[in-house]
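# I'll drop the sequence and a predicted model, then ask my questions.
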Amino acid sequence: KNEVEQSPQNLTAQEGEFITINCSYSVGISALHWLQQHPGGGIVSLFMLSSGKKKHGRLIATINIQEKHSSLHITASHPRDSAVYICAAARGTGNQFYFGTGTSLTVIP
Amino acid sequence: KAGVTQTPRYLIKTRGQQVTLSCSPISGHRSVSWYQQTPGQGLQFLFEYFSETQRNKGNFPGRFSGRQFSNSRSEMNVSTLELGDSALYLCASTATGTEQYFGPGTRLTVT
């Protein structure tokens, strides 16, 4: 069993739709990260969460420590949001990560 | 600030050879982590270096090793390459308690 489970694996949405990607983890964590990877490989860190909720523009990330669950929401989705979204659980001291398998998002105009 | 740089960007090697990849972190970042990404296994943590010491290690064989220099630049080495080592190798640097900044990666092909 993977320490970090993500769903859905693939997601297709119409432009403007509200999108939710879920991440569940089974290990104790120091922080939960959401990453975005565009075709070509480059990875960008979107959020680092240890509690509560964070918002950057149209992106919102939440975490429930008791339930070991995090969600990434995209409001008013746009084709440029098409990418793979990966959640990563950081354990212990430093940056030892366990990664989810990623959610491939395609937003259709 | 300049971002994380990795060299080389692309590399083709033959089975049995060894390879060294380099990562220069963002100025001031003391932590450098290395990851392997393959279509089958996704992203996997290799190891993390902090102030020239290996702080964390993933579940990879001893053929995978790394080091960090006093200027925080890091190298990883893979000896006795296998076909399954073909992957995108990513490094990321962090300042204490902050998010990670990823480099563009080195795409290694083993033939």
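Here it is on my side, so go on.

# can we go C-alpha only for contacts and neighbour counts from here?
OK.

# quick check: closest non-adjacent residue to B:Arg9.
Distance criterion CA to CA, 6 or more residues apart in numbering or on different chains; nearest residue to B:Arg9, sequence neighbours excluded, is B:Thr106 at 4.3 Å.

# name the SS class of A:Arg80, please.
For A:Arg80, the secondary structure call by DSSP: H, G, I helix; E, B strand; the rest coil comes out as helix.

# where in the chain is pLDDT low?
You didn't pick a chain, so chain A it is. For chain A, the stretches flagged by pLDDT under 70 are A:1.

# please refer instead to chain B.
For chain B (pLDDT under 70), the answer is B:1.

# which residue lies nearest the spatial centre of it?
Compute the mean C-alpha point of chain B, and by CA atoms, centre = their mean the closest residue is B:Trp34, 3.5 Å away.

# what about whichever residue of chain B sits closest to chain A, helix or strand, and which?
Nearest residue of chain B to chain A, counting by CA to the nearest CA: B:Pro104, 5.2 Å away. Counting by DSSP states H and E, no helix or strand carries B:Pro104.

# one more: A:Leu32?
Assigned by DSSP H and E, A:Leu32 belongs to strand A:31-37.

# ok, A:Ala13 - how many residues close by?
For A:Ala13, the number of neighbouring residues by other CA atoms under 10 Å in any protein chain shown comes to 17.

# what residues are up against the residue in chain A that chain B sits nearest to?
Relative to chain B, the nearest point of chain A is A:Gly42 (5.2 Å; CA to the nearest CA). Taking CA atoms under 8 Å, 6 or more residues apart in numbering or on different chains as the contact definition, A:Gly42 lies against B:Phe102, B:Gly103, B:Pro104, B:Gly105.

# quick check: closest non-adjacent residue to the last one.
Going back to what we said before, that points to B:Gly105. Nearest residue to B:Gly105, sequence neighbours excluded (CA to CA, 6+ apart): B:Leu90, at 4.4 Å.

# which element is that neighbour on?
B:Leu90 belongs to strand B:87-94 when assigned by DSSP H and E.

# return the distance of the helix or strand that that strand is followed by from the chain's centre.
Moving toward the C-terminus from strand B:87-94, the next helix or strand (DSSP H and E) is strand B:101-102. Centroid displacement of strand B:101-102 relative to its chain, using CA atoms, centre = their mean, to the nearest Å, is 12 Å.

# helix or strand right after strand B:101-102?
For strand B:101-102, the following helix or strand on the C-terminal side (DSSP H and E) is strand B:106-110.

# residues contacting that next one, please?
With contact meaning CA under 8 Å, 6+ apart, strand B:106-110 is reached by B:6-15, B:21, B:81-90.

# then stretch A:67-81?
Contacts of stretch A:67-81 (CA under 8 Å, 6+ apart): A:13-26, A:32, A:34, A:58-64, A:105-109.

# same question for it: list its buried residues.
Buried residues in stretch A:67-81, counting neighbours by 16 or more other CA atoms under 10 Å in any protein chain shown, are found at A:Lys68, A:His69, A:Ser70, A:Ser71, A:Leu72, A:His73, A:Ile74, A:Ser77, A:His78, A:Asp81.

# and the gap between the first one and A:Leu46?
The one in question is A:Lys68. According to CA to CA, to the nearest Å, A:Lys68 and A:Leu46 sit 19 Å apart.

# go on, the fifth one?
The gap separating A:Leu72 from A:Leu46 is 10 Å, by CA to CA.
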